[in-house]
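**Student:** With the sequence up front, the predicted model follows.
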Amino acid sequence: MKICNIHYSVILGIAALFSLPGCLSQGNNPDDLFFQNKKKMLTARWNSPFSQAERASKHAPKGPYLGNGDVGLVSYTSENGQTLQLSKVDFITDSWSDWAGTGPAALPVGGVSISVQSEPAEGFCYEMRQLDAELYMHTGTAEPVEMTTWMTMDENYVVTELTTASEHPIDVTVMTYATQ
């Protein structure tokens, strides 16, 4: 896949380009205004890449996560990309205990890795934007790419939108995998 000064989406489960309105209305509702004023507090930010080993845990996730109550994901990164590790809450085993150690737990079923083929550079940024229900990445590459990942509420689709301001094509690799 190549991207060049345009917008692409990578969708797991369905191949389509579309966008949905935000989860939170932007009206004058006092509850909406309360949370909008807390947006910075509800955004976790990483300014350097974090590996799978740094994020791995048999407890609650140590890194960015996203979910809809049926499917969840956690992520880890490099300067030029991210890996989204997916799990489904009803795909369980008795030999793996939940994060509290009290019973069966959801197992990772696989995932997707998205990487940009560009030289490393300054500017890496990764955010878990809880208020917007999305993960955002600005690659730390000479030709930066922005990745915004979100999940549909009613269907189990994970969407990653890719954008760049580059005037020439940038190679992007997308690999899926199943956990063994």
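**Tutor:** Received it, and whenever you're ready, just let me know what you need. Numbers count the residues shown, from 1 in each chain.

**Student:** What is the subsequent helix or strand relative to the helix or strand of the chain with the lowest mean pLDDT?
**Tutor:** Per-element confidence for the chain was summarised using mean pLDDT, DSSP states H and E. The lowest value among helices and strands belongs to strand 7-12, with a mean of 46. In the C-terminal direction, the helix or strand that comes right after strand 7-12 (DSSP states H and E) is helix 30-36.

**Student:** And that following helix, what does it pack against?
**Tutor:** Under the contact criterion of 3 or more CB pairs under 8 Å, 6 or more residues apart in numbering; DSSP states H and E, helix 30-36 touches no helix or strand at all. In this view, the C-beta of every residue, glycine as well, is placed from N, C-alpha and C.

**Student:** Can you give the distance of that helix from its chain's centre?
**Tutor:** Relative to the mean C-alpha coordinate of its chain, helix 30-36 is positioned 25 Å out (CA atoms, centre = their mean, to the nearest Å).

**Student:** Stretch 147-155 too?
**Tutor:** Taking mean C-alpha positions (CA atoms, centre = their mean), stretch 147-155 and its chain are 9 Å apart.

**Student:** Mean confidence (pLDDT) on it, please.
**Tutor:** In this model, stretch 147-155 has a mean pLDDT of 93.

**Student:** Quick check: end-to-end length of that stretch?
**Tutor:** 21 Å (CA to CA, to the nearest Å).

**Student:** Could you pull out the buried residues of it?
**Tutor:** Residues of stretch 147-155 classed as buried by neighbour count (16 or more other CB atoms under 10 Å): 147-152.

**Student:** Equivalent analysis for stretch 162-171, please.
**Tutor:** By neighbour count with 16+ other CB under 10 Å, stretch 162-171 contains the buried residues 162-164, 166, 170.

**Student:** in the chain, which spans are strands?
**Tutor:** Taking DSSP state E as the criterion, the chain carries its strands at 2-3, 7-12, 43-46, 65-67, 71-78, 81-97, 104-116, 125-129, 134-138, 146-151, 158-163, 170-178.
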